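Peer 1: the following comprises the amino acid sequence and a computationally predicted model.
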Amino acid sequence: GAGVSQSPSNKVTEKGKDVELRCDPISGHTALYWYRQRLGQGLEFLIYFQGNSAPDKSGLPSDRFSAERTGESVSTLTIQRTQQEDSAVYLCASSPRPYQETQYFGPGTRLLVL
Amino acid sequence: DAKTTQPTSMDCAEGRAANLPCNHSTISGNEYVYWYRQIHSQGPQYIIHGLKNNETNEMASLIITEDRKSSTLILPHATLRDTAVYYCIVRVAQSYNQGGKLIFGQGTELSVKP
């Protein structure tokens, strides 16, 4: 079946502009996660959604970062007033249940802020 | 979640077993050991996980020491396609309220050579 998809695959933007990244989880997966991976680094957790519960935003690095999720489907990660240090690969993952061991990752969106 | 220590890089000859070590000396009794890998330019992929017993699946085997302070991921017959960064992650068993965020370290860069 279809895996996690993300769009765009690549995004180049100018410093100060807003960007919106999209994640389509696997159908039926209730849990959705956003991570960030800077060049040569491991993944950093950003935010977690589970059904209608309040999201876990503990990993968001600043108030310029926000995310939404519509029910148990699409999620968007928005970065306002982008900075050069926001350049990274943004990865989305989903899992069937919040206590499911396996997270299924998308291919990521490569963001470059000039 | 407990911290893990892995070698930065390892080489393995194609067709031979790849043994990737991980130290997690501060692991707690309710924490599992998970392994993910990330092939270049792709999202991470789940490999295997365990609590205290050795585990095996179609991808790999996981050997956890009796004191649970370290573990080894074994790829029995490494191929060139196994070249990737391998992440050892220690975390509590997920519960509905805890969610499922993964905390990634730097991982081990495994190079399988012909």
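Peer 2: Thanks, I have it. Numbers count the residues shown, from 1 in each chain, chains lettered A, B, ... in the order given.

Peer 1: every contact and neighbour count from this point should use C-alpha atoms.
Peer 2: Noted.

Peer 1: low-confidence bits of chain B, can you list those?
Peer 2: Within chain B, the ranges that satisfy pLDDT under 70 run B:1-2, B:93-100.

Peer 1: ranges for the strands of it?
Peer 2: Using DSSP state E, the strands of chain B run over residues B:9-13, B:18-23, B:31-38, B:45-50, B:55-56, B:61-64, B:70-75, B:84-92, B:108-113.

Peer 1: out of the ones you listed, flag the one nearest chain A.
Peer 2: strand B:45-50 (6.1 Å; Cα to the nearest Cα).

Peer 1: coming back round to it: could you identify which of the strands of chain B is most buried?
Peer 2: Looking across those with neighbours counted as mean count of other Cα atoms under 10 Å in any protein chain shown, the highest average goes to strand B:84-92: a mean of 24.

Peer 1: just the C-alphas of that one, formatted as CSV.
Peer 2: Written as CSV, here are the backbone C-alpha positions of strand B:84-92 (Å, rounded to 0.1, in the frame of the first residue of the first chain):
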residue,chain,number,x,y,z
ALA,B,84,23.2,3.2,6.0
VAL,B,85,23.3,5.0,9.3
TYR,B,86,22.0,2.7,12.1
TYR,B,87,20.4,4.2,15.1
CYS,B,88,20.1,2.5,18.5
ILE,B,89,17.3,4.1,20.5
VAL,B,90,16.2,3.3,24.1
ARG,B,91,12.8,4.3,25.2
VAL,B,92,10.0,3.3,27.5
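
Peer 1: residue B:106 - nearest residue in space that isn't next to it in sequence?
Peer 2: Setting aside the residues directly before and after it, residue B:106 is nearest to residue A:42 in space (Cα to Cα, 6 or more residues apart in numbering or on different chains), at 5.1 Å.

Peer 1: okay, the strands of chain B in CSV with distance to chain A next?
Peer 2: As requested, the strands of chain B are exported to CSV (distance: least, Cα to the nearest Cα, whole Å):
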stretch, distance to chain A
strand B:9-13, 13
strand B:18-23, 16
strand B:31-38, 8
strand B:45-50, 6
strand B:55-56, 14
strand B:61-64, 15
strand B:70-75, 17
strand B:84-92, 9
strand B:108-113, 11
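
Peer 1: relative to residue A:104, which of the ones you listed is closest?
Peer 2: Among the strands of chain B, strand B:45-50 comes nearest to residue A:104, with 6.9 Å by Cα to Cα.

Peer 1: outside of that closest one, which residues touch it?
Peer 2: Contact with strand B:45-50 is made by A:102-105, B:32-38, B:55-57, B:59-62, B:64, as judged by Cα atoms under 8 Å, 6 or more residues apart in numbering or on different chains.
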